[in-house]
Each structure stands twice: as structure tokens, then as C-alpha cells.
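Visitor: Here's a sequence, model it:
(one chain, ligands or ions: 1)
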Amino acid sequence: MSKREDVRDDDRDPLDPAPQVPSEIPAGLDRRKFIMRSAVISAAAVMNGCTRSETERTAPPPAPASEAERVQGLAPKPAVPLSADLDVVKKEKGPVMTTVDEFYKVGPGPSSSHTIGPMRITYDFYQRAAKLPADKLAKATKLQVNLFGSLSATGKGHGTERAALAGLVGKEPATVDPKFLDGLRDKPDQVFPVKLGDKSIDVSLKDVIYDATKGDFKHPNTMTVKLLAGNDVLLEQEYYSVGGGFIEWKGYTPPKKNQPKYPFATMKELRAHADNNKTTIAKIMLANEMSIAGRSEEEVNAFVDKIINAMVATVKSGLAMPEDDVLPGPIKLHSKAASVYKRALDDKYESDRGIGALSAFALAASEENGRGHLVITAPTGGSAGVMPSLVYGLLEVRKVDRQKIRDGMLAAAAVGYLCKHHATLSAAEGGCQAEIGVASSMAAALTATAYDAPSLVVENAAESALEHHLGMTCDPVAGYVQVPCIERCAFGAVKAWTAYGIASNEIASRHRVNFDETVTALAQTAKDMNSKYKETSEAGLAQSVVLC
Ligand code: SF4
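Guide: Sure thing, here's the model as predicted:
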């Protein structure tokens, strides 16, 4: 008998994990897996104050669920697999080629993949249809949009049908008047003439169809747009809203671009360029923007300024909303940005005032998103409160020099590009970690850069903010990007600040986890996450919160 075996359960020290670990390796497990499993069991036991029986401790891992169990809902459903020929999947290889004007997009909330993406898609189709020969257009009788997968499951809560119709009648996301979308919500029977050459076709919300939520789709956010002549199809295109307002279609090939001056596919490579050239991540990103897109520094700055100004504007308009404003939808959620801001300013301690104000800025921009007003994808609509909160706080409150904010926007973009390149920005693919988690990581990089932190600190701050969002699910109540999304933006902003606080105060070289490792974990967690937690509103808060 070993020393351990003669200790009775009630005599054990609850903080000593050793008694929980079986000494025999069960059949079917290799040593490494066994040690890891035992460590997890021990940690869980210590945290929960629970112990497991010998039978439970030595049991082999559970067998995969049978199809019958899945059908009965007794086991997790597998996540919707992404088609390997989507560019968003293929781009996992090669250098990052994304540019700021593709990444930061202005458009109507509340969701980049459910409003901005679908609107860009129908606007794209409208332009294609307008180019058809006159004799073909003369036969056209109808335009029809079919929404599938997550677009169908939660599209109603996002106003996807209104965004899709707006694109179809020739409105662009960046310039659409939000009042047009509000008008569609208030008077859903409106009919609009769409001019295609000499032909005019009437369209209304009835032409946007919520179709199958489950099926063999290439992407969870799939939609088709058709131009019909009676039952004959004159033009049809299948599209995918792949996250962050990015779109693809069947047969999509990415636009030809110039090579980046400093090619990188990982944070390690990006930082090596910065460090070897004795410059910053922001300057490397600027050089790449100029070489990939063929733009001058002034042109890149002008675009980044436009985005900074739009972020400041969204916080200002959110703070200016009356305290008793109620957001659209069945939740009847009261806006609280203005109250939180006003009361935070009266807090006794400066740190409390700072945290309260930062939260209020994020709430303000996120509530604007909930209203369907114009927001900026950074990286998505659901997370549209996080980056503006830090931009507003640094620029308008702390009066940090605008050039530092521009640099921060470029470093933040690098973080977002890498997450898109190796993981995802789409909640339908990866849950909320891919939205708020990436936004928080970007905001941490922005803050560190704005305060002239060395490249390693920028990386560490971004890593830390992302790490502490891993596993976060997407479960919007009633399919509306309000609960938990609006408060989640405030938490994302505060976590970004915390991440910068830790990264700038720790000994940077001792930071144990690097950014690339955390992005790998983000991708793996996204793959393993149950599909119910990927913007379907089938589980989590979406199920537990009772609306009355
Ligand atoms: S829970 Fe997160 S990912 Fe899901 S809609 Fe809300 S903000 Fe977006």
C-alpha cells in the first residue's frame, strides 16, 4: 500500500490535487493525454471543491455521440463546416494581403455579417444585373433574395431583410441614410421601383425570403439573389457573408494586388520586420498599405482619419441619445450610455471615473449599432463599441496626438488581419471570441501603440486581451445584437485597457504566451465550438433569458 492509499477521503487537504490523480494509465489513453486529463481533473476538483469516485477517475473518455443521440438533441451538434474552396479559408496560407479600406468599413448596424455583408451583396447583384443586355432586362419580372443558415436563423433580429432590400434598390452601406432603414422597419409594406436599364421592377420586403436555416451550405451565412422572368432565371448568384462585412460568391477570386513591402503571415514575422528595421509595427503596416494598394502615405492617412472621425462621431451620437431611449426590438432594452457617463464623472476615485467613462463610450457606440445606425467594423458590427471607446478616450479625453492614433489604428488592423488570416472574424464560425475578443485585442494594440510601447509590448497587450476572450460564445437574446453584445463591448474595452496595463508594466520578455499561439487557440476553439453557440440564438442567454 502506498502512502497515499491509506489516507481517507475526509482527511485529504482540499488544496492538494495529488489524491485526485489516479496512478494507473487507463487503457486507450497515451501517457501525455493521461497526464493532461489528470491535471485538468485535479484543477477542476480544487476549484469546485468536488472529488470524483475511483470509477469516474479511471473511466475512459466518453465515446463519440451516436447519430440517434444527436437527433434527440442529447449531444452537441457538429459545427457547420466551412467549404475548403472559400477564399476566407484558403487565405490561411501566404502573406497577409488585407488593406485598411477592406477592413474598416462604415455601414449600418447591428451586424457586419448580417447587415453590412448582405447589403454589399445585394448592391453587388444590383450592379451586375444592371449590366445585362437590354433584351434580357426587358423580360425581367422579379428580383428575389433567399437567406440561408445563420442569416435566416437570426436575420430577423438583425434586420437582414431591410439591409438586403436597401442594397437591391441601389443603396451602399457607407452612405445609406439610417432613416431609410428605420422607415422600412416602421412601414414594412413599402414598395420601391428598381431601375435596371429601361426596365423598372417593383421590390419590397416580401422579395427577401427567410429560407432554410440548416443545410449543406458552403458557409453559415449563405444567400442567393436572382433576377427572374416568370419562372425563368435570367441571373443568379450565390453569395457568402464571411464576417466583418467581407463578402465572397461562388467562383470568387480575390482581386489582384501588389506584393507587400514587408511580407508577413504571423505576428512573429511582423515584429521581426519592425525590430530589424528599428521601426514600429505601425510603420511596417503603413509601408505595406502603400505597396499593396498603390496608395500614398497621405491617402492612407486620409482614409484612417475618416475612420477615426466616424468612430468619434458614433460615440458622440450614442452619448447624446436620451437616457430613456428604448432600442428597437422585443427586448425593450433601455439605452444607458448617457446615464453611465454622467454618473461615472461623479465617482469619487479617478480610476473609477476612467473605467466608467471608457465603458460609457463603448456602450454609446454599441447602442448606436443596436439602433441600426452607422457604425464601423472593427472588426465587426457586434463589436463596434470596443475600438471607438479607446479611440474616443485617447483622442478626445486624453488628447493623445492624432498621428499616434493613426499609428494605433494600423497596429490594430494588423491584429485583426492576423485573426482573419488564421482564424475568423465571424461569430457564425467562431462565436463571440471572434468578434469582441478580436476587437479587444485590436484595441489593446491601438492603446499600446498610441503610448509608444515597443513592438513586444504591443504584441503582449494584444495577446493578453485575446487570450481572455477565448471560448466566449455568441448567444444574442432573441437574435438581437443587444444582450449580451452592448455590455460586452464595454467589457471588451476595459479588458483592452487592462491588457495594456499589464503588458506595459510586466517584464515584456517574460510574457509566456505569444500572439500567434493564441490565434491558433482561437481557430481551434472556433472549430470545436458547438454550433448552437455560433450566432444561432439556440442556446446560452438566448435560451435562458425570458422575454415578457
Ligand atoms: S454575442 Fe458577441 S458575437 Fe454574438 S452577436 Fe453579440 S457581439 Fe456579436
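
Visitor: Which residue is the nearest non-sequential neighbour of residue 214?
Guide: The shortest distance from residue 214 to any residue other than its chain neighbours is 7.5 Å, reached at residue 149 (CB to CB, 6 or more residues apart in numbering). For glycine as for every other residue, the C-beta is placed from the backbone atoms N, C-alpha and C.

Visitor: ok now do the one you found, which residues does it touch?
Guide: By CB atoms under 8 Å, 6 or more residues apart in numbering, the contact set of residue 149 is 80, 212, 213, 214, 215, 217, 219, 220, 221, 222, 428.

Visitor: Mark which of these are buried, thanks.
Guide: Neighbour counting by 16 or more other CB atoms under 10 Å classes 80, 213, 217, 219, 220, 221, 222, 428 among these as buried.

Visitor: Please identify which pair of those lies farthest apart.
Guide: 213 and 219 (13.6 Å; CB to CB).

Visitor: So which residues on the chain come close to the ligand?
Guide: 382-383, 427, 432, 435-436, 474, 476, 481, 484-485, 488, 535 (CB under 6 Å from any ligand atom).

Visitor: try it again with 8 Å
Guide: Neighbours of the ligand within the chain, by CB under 8 Å from any ligand atom: 110-111, 154, 380-383, 427, 431-432, 434-436, 472-476, 481, 484-485, 488-489, 535.

Visitor: Which ones among these lie within strands?
Guide: Within the residues of the chain next to the ligand, no residue falls in strands by DSSP state E.

Visitor: can you count the residues close to residue 316?
Guide: 16 (other CB atoms under 10 Å).

Visitor: three-state assignment of it?
Guide: For residue 316, the assignment made with DSSP: H, G, I helix; E, B strand; the rest coil gives helix.

Visitor: measure it to the ligand for me?
Guide: Shown here: residue 316 relative to the ligand, a distance of 22 Å by CB to the nearest ligand atom, to the nearest Å.

Visitor: can you pull the contacts of that residue?
Guide: Residue 316 neighbours (CB under 8 Å, 6+ apart): 364, 392.

Visitor: Make 23 the first number, not 1, from now on.
Guide: That works, and once the first residue is 23, the last one we named lands at residue 338.

Visitor: Let me see the confidence value for it.
Guide: In this model, residue 338 is scored at 97, pLDDT.

Visitor: Show the pLDDT at the residue in the chain that the ligand sits nearest to.
Guide: Closest to the ligand within the chain is residue 404: 2.5 Å, counting by CB to the nearest ligand atom. For residue 404, the pLDDT comes out at 94.

Visitor: And stretch 523-536, end to end?
Guide: End-to-end distance for stretch 523-536, by CA to CA, to the nearest Å: 17 Å.

Visitor: Give the rounded mean pLDDT of the strand ranked longest in the chain.
Guide: In terms of residue count, the longest strand belonging to the chain (DSSP E) is strand 254-265. Computed over strand 254-265, the mean pLDDT rounds to 96.

Visitor: Adjacent strands (with direction) for it?
Guide: strand 244-251 (antiparallel), strand 268-271 (antiparallel) (DSSP bridges).
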